[in-house]
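Novice: Dropping the sequence and predicted coords here.
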Amino acid sequence: MPRRRGMSARLKLTLSYAGIVVVSGVLLLAAVALYLLRYIPDVQIIADIRVPNRSDLIRAFVPVAIAVMVALLAIGLGGGWLLAGRMLAPLERISDAARLAAQGSLSHRVRLEGPRDEFRDLADVFDGMLEQLEAHVAEQQRFAANASHELRTPLAISQTLLEVARDDPDRDAEELIARLREVNTRAIALTEALLLLSRAEQRTFPRQLVDLSLLAEEAVEALLPLADRRGVAVEVGGAAAPMLGSSALLPQLVTNLVLNAIVHNLPSGGAVAVRTHMMPQAVALVVENTGERLSEHRIATLVEPFQRGSERTRDDHAGAGLGLAIVQRITETHGGTLVLTPRAEGGLVVTVWFPLPYPR
C-alpha cells in the first residue's frame, strides 16, 4: 500500500519561518506589556487633563498588537514561502537530474552556478556520479557488444565448417574435427575469461596472505614449455612480496602477465624478466618483455577488453584480448595500481603495485 505523501519541504520551511517570526513578535509585545505597562497604575489619575491609566492603555494596545501579529504572520508566510523556494531551487534541479537518470538519461548534468556552498557541493558530487555512471554504462555496453561479437565468431565458424562437411562428404574428417576442436577451445577460453572478469568486478572474495614471488615462480614454471617452443628466455627472481588478496584471482593475474609477455614477443630470441620487489609501503610485481615498439596511444588501449597487443592470429595462445583487462580488474579489486611502460628497445614493462598487508 503506497504511503500518503506528507507536507512538502517548502511548506515545512515556510511554516517554520512564519512560526519563528510570530513567536518573536509575541515575545517582543510581551516584553513591552510586562516592562512598560507594569509601571503605569491601574487607578484614575486626577489632574487638569485626562491621564490614561493601565486599563486604558491595554484597551488601546490589544487591537494594535493583534494587527501587528496578523501582519507578522502574513509577512512570515509570504516571505518564508519565497525564501524556501529560493533555498530549495537547487534541490529541485538535482531531483530533476535524478529523475532523468532513473529514466535512463545519464547525459544530463545539474551544473549549479553560484558560490560554493552545501548545495553546490552536492550538485558537483551528483554530476561526478553521473559522469562515472555514464562512463561505466558505456563501457558495459561496449563490452557486451564486443563479447557478443567474439562469441558469435567461433559459432559462425563452426556452423560454416559443418555446412562445408555436409556438402562435401569426401572431406577429411580428422581435419574437420581438429578445426572444430580449435574453434571450440577458443570459445571455451573466451567464456572462462568473461566469467573470471565478472568475478573480479564483484569485489567479493576471501582474502588471505599470498606471496607474489611464489606465484611468479609457479607461473613461469607452468609456462616454460610454451616459452621454449617460441624461443623466449624467461628469467624470474626478486624478493618475497607478501600481500592480502584472493588465492584464486592473484595467480590468474600473474599467469596472464607472464603469458602475454611470452606470446607478444619477438619471433625468435625474445626475453621475459619477472621480478618482485618489497617497498616500505607496497609490494610490486614487474614483468618485462622484448617485442615490437609500442606507442603511448597503443599502450593506453591495451587494458581495454578485446584489445590485443598484436594482430589476430591462428595461434593457440592468441587470446581473446581479455588478458590485461582481467589484470586491470583484479588489480583494482585489490586496491592496487597497474602501470604500463614502453621499452625504448621495443616491448613492454608492466608493473603492478599492491599495498602492504601490514604497513611498516
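Specialist: Done, it's in.
Novice: My reading is that residue 284 lies in a helix. Confirm?
Specialist: No - per DSSP: H, G, I helix; E, B strand; the rest coil, residue 284 lies outside any helix segment and is strand.
Novice: Quick one: residues contacting it.
Specialist: 241, 276, 277, 351, 352, 353, 354 (CB atoms under 8 Å, 6 or more residues apart in numbering). From N, CA and C alone the C-beta is placed, and that goes for glycine too.
Novice: now the second one, nearest residue through space, not along the chain?
Specialist: If I follow you right, that is residue 276. residue 238 (3.6 Å; CB to CB, 6 or more residues apart in numbering).
Novice: which intervals of the stretch 201-350 of the chain have sub-threshold pLDDT?
Specialist: The stretch 201-350 of the chain contains residues with pLDDT under 70 at 201-205, 305-322.
Novice: Nearest residue to the middle of this protein?
Specialist: residue 132 (5.7 Å; CA atoms, centre = their mean).
Novice: gap between that one and residue 138?
Specialist: Distance, residue 132 to residue 138, using CB to CB, to the nearest Å: 11 Å.
Novice: how many other residues sit next to the residue nearest to residue 276?
Specialist: 19 (other CB atoms under 10 Å).
Novice: Just the buried residues out of the contacts of residue 284, in PyMOL syntax.
Specialist: Applied in PyMOL, the following selects the buried portion of those according to 16 or more other CB atoms under 10 Å:
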select buried, resi 241+276+277+351+352+353+354
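Novice: Let's have the contacts of residue 284 in JSON lines, adding distance to residue 296.
Specialist: Output for those, formatted as JSON lines (distance: CB to CB, whole Å):
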{"residue": "241", "distance to residue 296": "28"}
{"residue": "276", "distance to residue 296": "26"}
{"residue": "277", "distance to residue 296": "24"}
{"residue": "351", "distance to residue 296": "16"}
{"residue": "352", "distance to residue 296": "19"}
{"residue": "353", "distance to residue 296": "20"}
{"residue": "354", "distance to residue 296": "25"}
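Novice: ranges for the helices of the stretch 151-300 of the chain?
Specialist: For the stretch 151-300 of the chain, the helices defined by DSSP state H, counting those that start in this stretch occupy 173-202, 212-230, 249-263, 296-300.
Novice: Can you tell me which of those helices is packed in deepest?
Specialist: helix 249-263 (a mean of 23; mean count of other CB atoms under 10 Å).
Novice: Tell me who's in contact with the residue nearest to the centre of the chain.
Specialist: Counting by CB under 8 Å, 6+ apart, residue 132 has no contacts.
Novice: That one is in what secondary structure piece?
Specialist: Assigning secondary structure by DSSP states H and E places residue 132 in helix 118-167.
Novice: any idea of the mean pLDDT in that helix?
Specialist: Taken as a whole, helix 118-167 has a mean pLDDT of 76.
Novice: Next, give phi and psi for residue 352.
Specialist: phi -120, psi 120 (degrees, to the nearest 10).
Novice: ok, it to residue 66 distance?
Specialist: Applying CB to CB to residue 352 and residue 66 gives a distance of 78 Å.
Novice: before we move on, what about residue 33?
Specialist: 13 Å.
Novice: Can you name the residues that contact residue 20?
Specialist: residue 76.
Novice: and it, which of the three is it?
Specialist: Residue 20 is classified as helix under three-state DSSP.
Novice: rewinding a little: okay, residue 33 and residue 66: which has more neighbours?
Specialist: When residue 33 and residue 66 are compared for neighbours, residue 33 comes out ahead with 15 against 11, by other CB under 10 Å.
Novice: my read: the more buried one touches residue 62, true?
Specialist: No - Residue 33 is beyond contact range of residue 62, at 9.5 Å (criterion: CB atoms under 8 Å).
Novice: Many thanks, I have nothing further to ask.
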